[in-house]
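Asks: Fold the following and give me the result.
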Amino acid sequence: MTELTQRVLAGIVMIAVALGALWAGGIWFGLLASAAGLLMIGEWAGLLRADRWRTRVMLVLLALFLVQTLLIANGAAGQFGPGLVGIVPATIWPGGGVVTMAMVLVLLFAVGALLSRRVGLAAGIIYAGLPALALIYLREERGLLLTLWAMALVWATDIGAYFAGRGIGGPKLAPRISPNKTWAGLIGGVIAAELLSLVMAIFFGLSWIAVYFATTLAVAAQIGDLFESWLKRRVGAKDSGRLLPGHGGVMDRLDGLVPVAVIVAGLVIRGWL
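Replies: As a prediction, the model looks like this:
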């Protein structure tokens with residue numbers, strides 16, 4: 001089996017699982033987002049060569065945050081009111097609930113930094129926790145379509161960048177960080193993201209404002225990819241892990257979704273989407 005075939009088959013399985021959980025919503029999507037976050041913090045710790053004790057500290061802190069997020073999102077924490085907007089009344093601060101939870105995440109980062117005495121390691125709590133929070137918030141508060149668009153936009157960007165980069169080649173985008181990425185790949189990813197957004201706007205009722213933001217989000221997705229490549233290059237690693245056949249680790253697959261999920265959630269909180 002060729003590497004491309006392996007990548008395609010693994011990609012199909014991952015997309016099917018993500019779409020199934022996204023369709024089900026509720027606790028199922030929350031559990032998938034949380035599991036991805038925990039796997040990411042584990043890989044982050046592995047890349048930074050953290051010892052077992054420090055890795056467990058990061059996992060426990062993030063797990064506590066994600067459990068609380070799931071309880072709130074699914075109405076089990078009644079003292080906060082319904083959903084992730086209930087911690088701070090929406091009449092006072094739209095999106096106040098998710099903003100408050102983000103502040104809790106920053107607090108856990110500080111705790112992690114104090115306990116581990118490694119700020120870079122503790123930063124993984126924010127890197128893995130914030131997109132998980134954003135995705136849960138989007139699915140619970142804005143429903144299936146917008147969350148699907150945010151995820152599919154990253155997939156389209158990756159696919160467009162991959163085939164444009166291999167088919168066209170040309171000048172390198174950031175050779176010191178990721179030698180294989182080209183400007184053609186960047187442009188191909190942006191075009192694919194815009195085409196996807198247009199199709200979803202025309203046929204599925206996605207807001208046309210989303211089409212306007214698609215280019216920015218496609219660029220953000222590729223910046224997320226470059227950041228992870230920079231991190232791996234800095235520590236001398238080829239992949240973030242070995243969990244996914246043909247793809248490496250979870251971070252290798254979700255690096256573009258990290259900034260996109262957070263930005264889309266921010267746009268929603270601001271009332272722009």
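Asks: contacts, neighbours, all on C-alpha from now
Replies: Will do.
Asks: Got phi/psi on residue 244?
Replies: With angles defined as degrees, to the nearest 10, residue 244 sits at phi -110, psi 120.
Asks: Who does it form a beta bridge with?
Replies: Beta-bridge pairing of residue 244, defined through DSSP bridges, involves residue 248.
Asks: Quickly note the distance from the closest residue to residue 166 other than its chain neighbours to residue 174.
Replies: Once flanking residues are discounted, residue 166 sits nearest to residue 185: 7.8 Å by C-alpha to C-alpha, 6 or more residues apart in numbering. Separation of residue 185 from residue 174 (C-alpha to C-alpha, to the nearest Å): 12 Å.
Asks: the more surrounded of those two?
Replies: residue 185 (29 against 14; other C-alpha atoms under 10 Å).
Asks: need the contact list for that one.
Replies: The contact partners of residue 185, by C-alpha atoms under 8 Å, 6 or more residues apart in numbering, come to 160-166, 169.
Asks: Pipe those into JSON lines and attach secondary structure, neighbour count and pLDDT per row.
Replies: Shown next, in JSON lines, are the contacts of residue 185 (DSSP: H, G, I helix; E, B strand; the rest coil; neighbours: other C-alpha atoms under 10 Å; pLDDT from 0 to 100):
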{"residue": "160", "secondary structure": "helix", "neighbour count": "21", "pLDDT": "96"}
{"residue": "161", "secondary structure": "helix", "neighbour count": "27", "pLDDT": "96"}
{"residue": "162", "secondary structure": "helix", "neighbour count": "19", "pLDDT": "91"}
{"residue": "163", "secondary structure": "helix", "neighbour count": "15", "pLDDT": "93"}
{"residue": "164", "secondary structure": "helix", "neighbour count": "21", "pLDDT": "95"}
{"residue": "165", "secondary structure": "helix", "neighbour count": "23", "pLDDT": "92"}
{"residue": "166", "secondary structure": "helix", "neighbour count": "14", "pLDDT": "90"}
{"residue": "169", "secondary structure": "coil", "neighbour count": "15", "pLDDT": "84"}
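Asks: Output the below-cut-off pLDDT ranges for the stretch 1-150 of the chain.
Replies: 1-4, 75-96 (pLDDT under 70).
Asks: what do you get if the cut-off is 50, keeping everything else the same?
Replies: 77-83, 85-94 (pLDDT under 50).
Asks: just checking, what packs against the helix or strand residue 142 falls within?
Replies: With elements taken from DSSP states H and E, the one containing residue 142 is helix 119-168. Packing partners of helix 119-168 (3 or more C-alpha pairs under 8 Å, 6 or more residues apart in numbering; DSSP states H and E): helix 3-24, helix 26-47, helix 52-73, helix 96-116, helix 183-204, helix 208-235, helix 257-269.
Asks: List the buried residues for the longest one?
Replies: Going back to what we said before, that points to helix 208-235. Buried residues in helix 208-235, defined by neighbour count with 16 or more other C-alpha atoms under 10 Å: 210-211, 213-215, 217-232.
Asks: C-terminal to that helix, what's the next element?
Replies: Following helix 208-235 in sequence, per DSSP H and E, is helix 250-254.
Asks: and residue 148, how many neighbours?
Replies: For residue 148, the neighbour count with other C-alpha under 10 Å is 18.
Asks: Repeat that for the one 4 residues further on.
Replies: Here the neighbour count serves as a burial measure; for residue 152 (other C-alpha under 10 Å) it reads 18.
Asks: For it, give me its contacts.
Replies: Residues in contact with residue 152 (C-alpha under 8 Å, 6+ apart) are residue 196.
Asks: Correct me if wrong: residue 58 contacts residue 41.
Replies: Yes. At 7.1 Å, residue 58 counts as touching residue 41 under the criterion of C-alpha atoms under 8 Å.
Asks: and for those two, which residues touch both?
Replies: 124-125.
Asks: ok, residue 166 to residue 117 distance?
Replies: Distance of residue 166 to residue 117, given as C-alpha to C-alpha: 43 Å.
Asks: wait, isn't residue 38 in contact with residue 130?
Replies: No. Counting by C-alpha under 8 Å, residue 38 sits too far from residue 130 to count as a contact (11.7 Å).
Asks: can you count the residues close to residue 204?
Replies: 11.
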